[in-house]
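# predicted coordinates and the sequence they were generated for:
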Amino acid sequence: MVIDKQNKNYIDFTFEDFLQDDFFIKSVLWPTEESVIFWNKYQKENREYAKAVRCLKDLNKNLLDEDDVYKIWYLIQTSNHHRRAKIKGFYFIISSAVAATLALLLYINGLSTKEDNNLRDIKEFAYNNIPIIETTETQLFVSKNKVISVPEKESVIRYDSASVKVTSKFTTQQSVQHEISRNELADFNQLIIPNGKRSFLTLADGTQIWVNSGTRLVYPSVFADDKREIFVDGEIYIDVQPDHNRPFIVQTADMAVEVLGTKFNVQAYHSDGQKRVVLQSGSVKISSGKSKGEIILHPSEMYEAIGTNEIVTPVNVINYISWTDGIYICDSERLDFILTRLSRYYGKEIIVDKKAAGLKCNGKLDLKENLNDVLNILQYIAPIEYTRENDIYSITYKP
């Protein structure tokens with residue numbers, strides 16, 4: 001082993017620092033005479049060193065299930081996305097020390113260093129390749145070295161057998177802004193839609209996907225011969241092109257939705273406690289870690305998962321897919337849920353007090369209007385009022 005201290009002062013390293021240091025990890029897992037001599041002095045000078053060694057050796061026993069590690073690590077990464085994926089200082093669902101050890105376990109298993117073409121599946125790629133570029137523009141990652149940015153609110157992306165074309169508006173008359181040939185595309189592409197933006201995507205097999213604000217979509221540039229699989233963190237409405245030889249699978253961090261050809265809506269933001277699948281036509285099969293078996297969904301039914309609870313209920317599908325036409329229909333929805341969706345759709349921060357949050361609302365909101373007009377309408381629907389300061393909206397209960 002070649003020792004690379006990188007001029008680091010290991011005397012001042014914390015427990016988390018050690019578990020994020022490549023040289024330390026290699027020294028503990030694959031020690032050499034040289035590395036043992038190097039680290040010998042730190043056993044007495046830094047108490048955190050001994051704790052990190054014990055933790056690392058325990059982790060190497062692979063006590064955690066690999067799928068669980070992937071899921072938790074993905075949630076950690078997405079939770080810290082706006083902090084440049086740093087582990088220290090976050091308070092998501094587990095402590096920073098556990099976050100560091102989970103990241104380390106992935107490192108031990110050699111998962112972080114694999115090349116794209118060697119990855120186990122699209123879910124693994126999605127977990128290990130979260131872009132850390134912060135931007136208000138739509139981003140299409142077609143390879144490691146090529147990213148297309150679209151500043152407009154709406155974009156159209158079309159794949160065919162020869163290339164991918166990107167335009168800025170939902171119109172066939174709009175000139176193509178970007179065109180990339182097939183040989184420039186990586187195995188997996190990623191579409192990042194920030195809050196306040198939306199996109200329409202046509203895949204090479206003819207499947208059409210409406211992508212809502214605040215969504216990350218991962219998909220192969222060319223589908224496999226036996227299946228068509230994508231990964232979603234956010235909300236999409238999808239019209240799947242039938243192909244009985246290749247089932248279509250929508251993967252999220254919590255579930256897998258399998259279809260042959262159908263239209264349905266998936267709402268699965270990692271930051272939301274509520275996940276939904278609403279079926280418009282055809283049938284879908286849902287598998288999740290919560291279910292003992294598979295759940296078959298029929299047209300005009302909604303699968304909903306809140307915490308450990310799963311239910312299937314009949315619904316009016318239009319209420320859940322009208323966002324694709326710029327309409328939001330509220331049917332006894334909690335106000336805080338409505339405001340979360342509006343915050344994503346318009347890309348604005350909205351704060352609501354506890355008393356107003358639980359109010360139930362019914363009505364129709366035109367999302368083509370500006371946010372001020374939409375909130376004015378909400379004031380007629382519910383006993384609330386709003387103020388705006390420094391581009392932050394505050395909603396309070398009004399008796």
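Right, received. Where do you want to start? Numbers count the residues shown, from 1 in each chain.

# show me where the stretch 101-250 of the chain has its helices.
Counting by DSSP state H, counting those that start in this stretch, one finds helices in the stretch 101-250 of the chain at the ranges 122-128.

# where in the chain is pLDDT low?
Scanning the chain with the threshold set as pLDDT under 70 gives 1-7, 56, 58-120, 132-133, 169-176, 289-292.

# in it, where's the longest strand?
Counting residues, the longest strand found in the chain (DSSP state E) is strand 228-239.

# and that one, what does it pack against?
Contacts defined by 3 or more C-beta pairs under 8 Å, 6 or more residues apart in numbering; DSSP states H and E place strand 228-239 against helix 122-128, strand 208-211, strand 215-220, strand 248-251, strand 263-268. Backbone N, C-alpha and C define where each C-beta goes, glycine included.

# turn the ones you listed into JSON lines, columns for distance to Phe337 and mean neighbour count.
Below are the helices and strands packed on strand 228-239 laid out as JSON lines (distance: least, C-beta to C-beta, whole Å; neighbours: other C-beta atoms under 10 Å):
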{"stretch": "helix 122-128", "distance to Phe337": "26", "mean neighbour count": "21"}
{"stretch": "strand 208-211", "distance to Phe337": "20", "mean neighbour count": "21"}
{"stretch": "strand 215-220", "distance to Phe337": "17", "mean neighbour count": "22"}
{"stretch": "strand 248-251", "distance to Phe337": "22", "mean neighbour count": "22"}
{"stretch": "strand 263-268", "distance to Phe337": "11", "mean neighbour count": "23"}
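
# let me see the ranges of the strands in the stretch 151-300 of the chain.
154-159, 163-167, 178-181, 188-193, 198-202, 208-211, 215-220, 228-239, 248-251, 255-259, 263-268, 274-281, 284-288, 295-297 (DSSP state E, counting those that start in this stretch).

# also the stretch 1-150 of the chain?
138-143, 146-150.

# quick one: distance of the longest one to the chain centre.
Here the centre of mass of C-alpha atoms in strand 138-143, compared against the chain's by C-alpha atoms, centre = their mean, to the nearest Å, lies 15 Å away.

# give the partner strands of that strand in its sheet and their orientations.
strand 146-150 (antiparallel), strand 188-193 (antiparallel) (DSSP bridges).

# please identify the most buried of those.
Comparing these by mean neighbour count (mean count of other C-beta atoms under 10 Å), strand 188-193 ranks first with a mean of 23.

# and the residue nearest the centre of the chain, how far is that from Val284?
Centroid-nearest residue in the chain: Asp233, 3.0 Å away (criterion: C-alpha atoms, centre = their mean). Taking C-beta to C-beta, to the nearest Å as the measure, Asp233 falls 19 Å from Val284.

# how about Glu229?
From Glu229 to Val284 the distance is 14 Å (C-beta to C-beta).

# ok, the two, which is more surrounded?
For Glu229 versus Val284, neighbours defined as other C-beta atoms under 10 Å are more numerous around Val284 (25 against 21).

# the more buried one contacts Val266, correct?
No. Applying C-beta atoms under 8 Å, one finds Val284 not in contact with Val266, separated by 9.5 Å.

# between these two, what contacts are shared?
Residues touching both Val284 and Val266 (C-beta atoms under 8 Å, 6 or more residues apart in numbering): Val257, Val277.

# picking up where we left off before, would you reformat the strands of the stretch 151-300 of the chain as CSV and include distance to Phe18?
Output for the strands of the stretch 151-300 of the chain, formatted as CSV (distance: least, C-beta to C-beta, whole Å):
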stretch, distance to Phe18
strand 154-159, 43
strand 163-167, 43
strand 178-181, 42
strand 188-193, 32
strand 198-202, 42
strand 208-211, 40
strand 215-220, 31
strand 228-239, 31
strand 248-251, 34
strand 255-259, 36
strand 263-268, 35
strand 274-281, 36
strand 284-288, 36
strand 295-297, 44
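
# nearest to Tyr303, of those?
strand 274-281 (4.4 Å; C-beta to C-beta).

# who does that closest one pair up with?
Strand 274-281 has these strand partners (DSSP bridges): strand 263-268 (antiparallel), strand 301-306 (antiparallel).

# from Tyr49, how far off is the closest residue to Ser35 other than its chain neighbours?
Spatial nearest neighbour of Ser35, chain neighbours left out: Ser27 (4.1 Å); criterion: C-beta to C-beta, 6 or more residues apart in numbering. Distance of Ser27 to Tyr49, computed by C-beta to C-beta: 11 Å.

# try Pro194
41 Å.

# next up, the contacts around Tyr49.
The contact partners of Tyr49, taken as C-beta under 8 Å, 6+ apart, are Tyr10, Phe13, Phe18, Trp39, Tyr42, Gln43.

# drop anything exposed from these.
Tyr10, Phe13, Phe18, Trp39, Tyr42 (16 or more other C-beta atoms under 10 Å).

# okay, and which of these map to helices?
Among the buried ones among the contacts of Tyr49, the ones falling in helices (DSSP state H) are Phe18, Trp39, Tyr42.

# dump the residue contacts of Asn183.
Counting by C-beta under 8 Å, 6+ apart, Asn183 touches no other residue.

# again with Ile306
Applying C-beta under 8 Å, 6+ apart, the residues near Ile306 are Gly273, Gln274, Lys275.

# for Ile238, list each beta-bridge partner.
Ile209, Phe264.

# quick check: it vs Ile230, distance?
9 Å.

# what residues are shared contacts of the two?
Overlap between the contact sets of Ile238 and Ile230, as judged by C-beta under 8 Å, 6+ apart, is given by Ile209, Val250.

# contact partners for Arg162?
Small correction: residue 162 is Ala, not Arg. Ser181, Arg182.

# what number of residues are in the vicinity of the closest residue to Val166 other than its chain neighbours?
Take Val166 and drop its neighbours on the chain: the residue closest to it by C-beta to C-beta, 6+ apart is His178, 4.1 Å away. Residue neighbour count, defined by other C-beta under 10 Å, stands at 18 for His178.

# wouldn't His178 be in contact with Lys165 here?
Yes. Counting by C-beta under 8 Å, Lys165 is a contact partner of His178 at 7.1 Å.

# ok, and Leu339, which helix or strand is that part of?
Leu339 is part of helix 335-346 when elements are defined by DSSP states H and E.
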